[in-house]
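[1] sequence below, structure please.
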Amino acid sequence: MKTVLHTAASRGHMNIGWLDANYSFSFGRYYDPERIHFGALRVFNDDIIRGGTGFGTHPHDNMEIVTIPLSGALEHKDSTGGQGVIRKYDVQVMSAGTGVEHSEFNHSKTEDANTLQIWVLPAKMNVTPRYDQKTFLPEDRENRLQTLVAPDNSAPLKLNQDTWFSLGNFAKGQQTSYRLHQPGNGVYAFVIEGGAIVGDLQLEKRDAAGIWDTDSVDIRVTADSELLLIEVPMLKLS
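    Numbering: from 1, shown residues only. From the prediction side, this is the model:
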């Protein structure tokens with residue numbers, strides 16, 4: 001088993017007033033040659049978007065994009081015709097493929113919105129752009145992992161990559177084991193709230209661990225916790 005630890009304090013940070021962002025991997029003005037990606041996981045941004053603000057219309061292509069609201073809500077509109085509002089317990093996916101333009105604005109004029117925006121490198125290039133979102137029941141992730149995204153029809157949402165996203169809310173003292181779906185994949189575990197020992201690494205709030213060269217990962221929860229696990233192929237970028 002191989003591991004890498006990304007503590008909350010080691011993330012890149014940018015605060016430009018309307019946006020207060022923490023970057024687990026190099027993004028925008030933040031660049032660290034040791035923090036480019038974890039396999040096919042290329043971007044993991046923890047964003048606070050101030051009320052009445054947001055990201056104006058901008059383009060993407062050949063990227064698989066997942067947005068997970070932690071608090072507040074975002075209004076979304078894209079050139080595929082997809083639009084709506086996403087809130088806590090919703091998950092939004094977008095295959096940018098041959099190219100898409102979209103915007104994301106805080107749905108509230110006064111309250112902050114905290115979201116995770118995650119980019120995964122695609123398995124196939126130049127696919128037809130696609131957008132989807134689903135609402136998940138929080139009771140289905142109590143003391144167990146709830147699969148949100150899969151590359152097939154085994155989860156409500158799918159992406160153009162052999163990747164699985166899972167969320168779980170665990171009480172202190174709970175234990176679980178995550179079994180990887182295919183050889184050559186790794187898992188990136190992120191503590192949204194609380195604390196847990198993932199593999200042999202102690203993680204606290206907003207810490208993350210990348211783990212690979214294993215077929216399963218043991219998790220011991222040290223405080224009431226919300227955990228996000230992302231399984232991806234361990235691609236090497238040229």
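
[2] ok, what's across the strand from the residue sitting nearest the centre point of the chain?
    Geometric centre of the chain, nearest residue: Ile118, 4.2 Å, by CA atoms, centre = their mean. Note on Ile118: beta-bridge partners Phe44, Val66, judged by DSSP bridges.

[3] how about Leu201?
    Val198.

[4] spit out the contact partners of it.
    Going by CB atoms under 8 Å, 6 or more residues apart in numbering, Leu201 touches 3, 5, 209. In this view, the C-beta of every residue, glycine as well, is placed from N, C-alpha and C.

[5] give the full set of residues in contact with the first one.
    What it means is Thr3. Contacts of Thr3 (CB under 8 Å, 6+ apart): 199-201, 209-211.

[6] so the chain: which segments form each domain?
    12-123, 138-233 (automatic domain parsing).

[7] with distance to Tyr131 and mean pLDDT added, can I get those domains in JSON lines?
    Shown next, in JSON lines, are the domains of the chain (distance: least, CB to CB, whole Å; pLDDT from 0 to 100):
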{"stretch": "domain 12-123", "distance to Tyr131": "3", "mean pLDDT": "94"}
{"stretch": "domain 138-233", "distance to Tyr131": "11", "mean pLDDT": "97"}
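
[8] wait, which of those domains is closest to Pro129?
    domain 12-123 (4.3 Å; CB to CB).

[9] buried residues in the longest strand belonging to the chain?
    In the chain, assigned by DSSP state E, the strand with the most residues is strand 216-233. Burial within strand 216-233, assessed by neighbour count using 16 or more other CB atoms under 10 Å, is assigned to 217, 219-222, 225-233.

[10] sheet partners, orientation included, of it?
    Here, using DSSP bridges, strand 216-233 pairs with strand 164-170 (antiparallel), strand 175-179 (antiparallel), strand 185-198 (antiparallel).

[11] now that strand, how far from the chain's geometric center?
    Remark: strand 216-233 is offset 13 Å from the chain centroid, using CA atoms, centre = their mean, to the nearest Å.

[12] now it - C-alpha only, CSV.
    Output of strand 216-233 as CSV, limited to C-alpha atoms (Å, rounded to 0.1, in the frame of the first residue of the first chain):
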residue,chain,number,x,y,z
SER,A,216,-9.1,-2.3,0.1
VAL,A,217,-8.8,0.5,2.6
ASP,A,218,-9.8,0.2,6.3
ILE,A,219,-11.4,3.2,7.9
ARG,A,220,-11.8,3.8,11.7
VAL,A,221,-13.8,6.9,12.7
THR,A,222,-12.4,8.9,15.6
ALA,A,223,-15.1,11.6,15.7
ASP,A,224,-18.6,12.0,14.2
SER,A,225,-17.6,12.4,10.6
GLU,A,226,-18.7,13.1,7.0
LEU,A,227,-16.3,11.4,4.5
LEU,A,228,-16.0,11.5,0.8
LEU,A,229,-14.2,8.8,-1.1
ILE,A,230,-13.2,9.1,-4.8
GLU,A,231,-11.8,6.1,-6.6
VAL,A,232,-9.9,6.8,-9.8
PRO,A,233,-7.5,5.1,-12.2
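
[13] no further queries at this time; thank you.
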